[in-house]
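Enquirer: Mind folding the following:
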Amino acid sequence: MSNMCIESTHEKRTSPPMCPGTHPSPQNSVDSTVPDCDIVQNLDGISEQKDVEVGLYLPSLSPTFVDITELSTAGTESEKTLTEASEYTLQNSSATGSVENAHYASIYDLPPLDSITTTGKLSKIQKRNGMLQFASLCYCIWLAGWNDGTTGPLLPRLQEHYNVGFSVVSMIFVGGCFGFITGAALNIWLNDRLGLGKILVLGSCCQLLGYAIIAPAPPFPLLICAYFIVGFGMSFQNAQANGFVGSLDKNMTTKLGVMHGSYGLGALTSPFASTYFSRFPDHRWAYQFIFSAVFATINVIAVILVFRFRRQEEVLLDAGQKSPTNSECNPQRHGNTYRQIFTLKCVPLLAAFAVIYIGVEVTFGGWSVTFVIHERGGGPSSGYISSGFFGGLTLGRVGLMWLNKMVGEHRVIILYSLIAIGLDLTVWLVPSIYENAVAVSLIGLVLGPMFPVFVSHMTHILPPHLLTACIGIITGIGVAGSAALPFITGVLASKFGIGALQPLMISMMVVMVLLWICVPTSVRRMESV
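Expert: Take a look at the predicted model:
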């Protein structure tokens, strides 16, 4: 389409408006040529793939809305100059009267760019790409939930098969923890060099390898090594998935809730399978990990096909999203990433909170079954209590998003923590297997929303260019809690009995509340770096 000018639909004038730089001429009339002025074409900072609705306020005219395409940056940053109109269509003018004269809008007729809003419309291909990317990441997190929900019902069977006590069997948590921490530390370095797609493939392959080692029921030391490899791979996927969804410019909080809800869904479904296989004699409990290996194979194929080994900015542009500002885009721009992360004052607080939260979550899911069997006289079907806990976790992450928004991110975590403490008191003090099962499920309900709210809060108080790296290191350190607290529980259970579980959980949740109160609520981006 050839260059056009915006037509006025207001009152008739005898001559077109003068633009800066033009000179009056006796020949200026309705039929005169276009004045020597800049015509609107480009808007700074808006993707050329989007249709944009812009209100142009011309002198003596009502707002005239036009669709502008082929948008890019022109002029200096301070002046944000707009030049040369390309193509646009006049539509929906609210002015009255017939079009009798053509008048021309120079760049000086436009409002400041800050007042111009965009309503981007994604193409079908972009929408499909975005959905596939999000679905693939949800599957990664679902598989992490499947992994974490598997262990609890198998603990009594593992103790019997390997002839070990509480403290020794707890070493599988330690193995997974060290793998996760190692992966989280390497993720920062690899993120700059490999990017999103390659790291996801590496992590998913490591997880598959770990399950392949466990499937034949290996010796106990090799079992711990396999848990290390699984944790190593999961840490890559966890950091990249959270960093990617946290960088989205639309519905980020909702998508974080849904993605972490998929974790709960995986942790909800796996205890049904692991409880079933825990009843098998000999080494057939390990058949559970054949299914895990199949699911991990699907995960490897999915991340290869969807992300195709590309960096995060390429993947985001495929879905019509803004290019990220994190360090993956320009690894040299922000200097030493490790140094910058650990000079942020809020990082130690966030990491300490993550240690306790993740530790409490995994300990409840892992040791509640053993508690009910030994303290309440439950049978093998007590393994389904773990499903109740993770079912509540899933429901809370998806169903309580409205409450999170209404109460606010900072206050709602305090509210959930206090409710969880009260419910755990009933598990400790009420000797009823049914009440305990219901209370454990409700604890999962209120603990569930806390992690996506926690990640969402991090996106508000951490520098954008460090977001993926920070999430990786904070959750990596946090996963230390998934080993430390279950291991401490095992040691205490060896000395005092499994009844020590509830006092430990209550005290940890009290500390968690105190730490969260100290976490900053205001936006602190670059000034702390």
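
Enquirer: which outside residues touch the strand or helix carrying residue 512?
Expert: Assigned by DSSP states H and E, residue 512 belongs to helix 501-518. Residues from elsewhere that reach helix 501-518 (CB atoms under 8 Å, 6 or more residues apart in numbering): 349, 352-353, 356-357, 359-360, 363-364, 367-368, 371, 410, 413-414, 417-418, 420-421, 424-425, 427-428, 485, 488-489, 492-493. C-beta coordinates here come from the backbone N, C-alpha and C atoms, glycine included.

Enquirer: and after the lowest-mean-pLDDT helix or strand in the chain, which helix or strand comes next?
Expert: Sorting the helices and strands of the chain by mean pLDDT, DSSP states H and E puts strand 88-91 at the bottom, at a mean of 37. Following strand 88-91 in sequence order, the next helix or strand is helix 124-162 (DSSP H and E).

Enquirer: In that next one, which residues are buried?
Expert: Residues 126, 129-130, 132-134, 136-158, 161 are the ones in helix 124-162 that count as buried (16 or more other CB atoms under 10 Å).

Enquirer: The closest residue in space to residue 132 that isn't next to it in sequence: neighbour count?
Expert: Nearest residue to residue 132 in three dimensions, chain neighbours excluded: residue 306, at 5.2 Å (CB to CB, 6 or more residues apart in numbering). Applying other CB atoms under 10 Å, we find 20 residues neighbouring residue 306.

Enquirer: Enumerate every residue touching residue 306.
Expert: Residue 306 sits in contact with 132-133, 136, where contact means CB under 8 Å, 6+ apart.

Enquirer: What helix or strand is the closest residue to residue 183 other than its chain neighbours located in?
Expert: With sequence-adjacent residues excluded and distances taken as CB to CB, 6+ apart, residue 183 is closest to residue 235, at 3.1 Å. Following DSSP H and E, one finds residue 235 within helix 220-246.

Enquirer: From the chain's centroid, how far away is the helix or strand following that helix?
Expert: Using DSSP H and E, the helix or strand that follows helix 220-246 towards the C-terminus is helix 252-278. Centroid displacement of helix 252-278 relative to its chain, using CA atoms, centre = their mean, to the nearest Å, is 15 Å.

Enquirer: now the angle from the next helix-or-strand element following helix 252-278 to helix 220-246?
Expert: As assigned by DSSP H and E, the chain's next helix or strand after helix 252-278 is helix 288-307. With axes from the mean of the first three to the mean of the last three CA atoms, to 10 degrees applied, the angle from helix 288-307 to helix 220-246 works out at 30 degrees.

Enquirer: which other helices and strands contact the helix or strand following helix 288-307?
Expert: Per DSSP H and E, helix 288-307 leads on to helix 312-318 as the next helix or strand towards the C-terminus. Using 3 or more CB pairs under 8 Å, 6 or more residues apart in numbering; DSSP states H and E as the contact criterion, the elements in contact with helix 312-318 are helix 124-162, helix 196-214, helix 220-246.

Enquirer: what mean pLDDT does helix 312-318 have?
Expert: Across helix 312-318, the average pLDDT comes to 86.

Enquirer: And that helix, what's buried?
Expert: So helix 312-318, judged by 16+ other CB under 10 Å, has buried residues 312-313, 315-318.

Enquirer: Can you tell me which of the residues you listed is closest to residue 222?
Expert: Proximity of the buried residues of helix 312-318 to residue 222 (CB to CB) peaks at residue 312, which lies at 35.3 Å.

Enquirer: residue contacts, the most centrally placed residue in the chain?
Expert: Closest to where the C-alpha atoms of the chain average out (CA atoms, centre = their mean) is residue 242, at 3.2 Å. Going by CB under 8 Å, 6+ apart, residue 242 touches 256, 455, 468, 471-472, 475.

Enquirer: Out of the residues you listed, which end up buried?
Expert: By neighbour count, with 16+ other CB under 10 Å, these hold 256, 455, 468, 471-472, 475 as buried.

Enquirer: Please tell me how far residue 498 sits from residue 365.
Expert: When CB to CB, to the nearest Å is the yardstick, residue 498 and residue 365 sit 15 Å from each other.

Enquirer: the more surrounded of those two?
Expert: residue 365 (29 against 20).

Enquirer: Report the secondary structure state of the more buried one.
Expert: Per DSSP: H, G, I helix; E, B strand; the rest coil, the local secondary structure of residue 365 is helix.

Enquirer: Now do the helix holding residue 235 against helix 252-278, angle only.
Expert: 160 degrees.

Enquirer: so how far is helix 220-246 from its chain's centroid?
Expert: Offset of helix 220-246 from its chain centre (CA atoms, centre = their mean): 16 Å.

Enquirer: Residue 382 touches residue 374, doesn't it?
Expert: No - contact criterion CB atoms under 8 Å: residue 382 and residue 374 do not qualify, at 9.8 Å.

Enquirer: Between those two, which has more neighbouring residues?
Expert: The neighbour comparison of residue 382 against residue 374 (other CB under 10 Å) goes to residue 382, with 23 against 16.

Enquirer: Which pLDDT does the model give that one?
Expert: Reading off the model, residue 382 has pLDDT 80.

Enquirer: which non-adjacent residue is nearest it?
Expert: Using CB to CB, 6+ apart, the closest residue to residue 382 is residue 372 (4.6 Å).

Enquirer: residues in contact with the one you found?
Expert: Contacts of residue 372 (CB under 8 Å, 6+ apart): 378, 382, 385, 433, 436-437.

Enquirer: from the contacts of residue 306, which is closest to residue 322?
Expert: After measuring those against residue 322 - CB to CB - the closest member comes out as residue 133, at 14.4 Å.

Enquirer: What does the pLDDT read for that closest one?
Expert: pLDDT for residue 133: 93.

Enquirer: Quick check: it touching residue 317?
Expert: No - applying CB under 8 Å as the test, residue 133 and residue 317 come out as separate, 11.5 Å apart.

Enquirer: Could you check the pLDDT of the spatially closest residue to residue 256 that is not a sequence neighbour?
Expert: For residue 256, ignoring the flanking residues on the chain, the nearest one in space by CB to CB, 6+ apart is residue 452 at 4.5 Å. Model confidence at residue 452, given as pLDDT, is 86.

Enquirer: Now residue 452: which helix or strand?
Expert: helix 450-461.

Enquirer: That helix - contacts with which helices or strands?
Expert: Helix 450-461 packs on helix 220-246, helix 252-278, helix 346-375, helix 409-429, helix 467-478, going by 3+ CB pairs under 8 Å, 6+ apart.

Enquirer: Now distance to residue 204 and mean pLDDT too, for those, in TSV please.
Expert: TSV is the format used below for the helices and strands packed on helix 450-461 (distance: least, CB to CB, whole Å; pLDDT from 0 to 100):
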stretch	distance to residue 204	mean pLDDT
helix 220-246	6	91
helix 252-278	14	87
helix 346-375	21	88
helix 409-429	31	94
helix 467-478	16	79
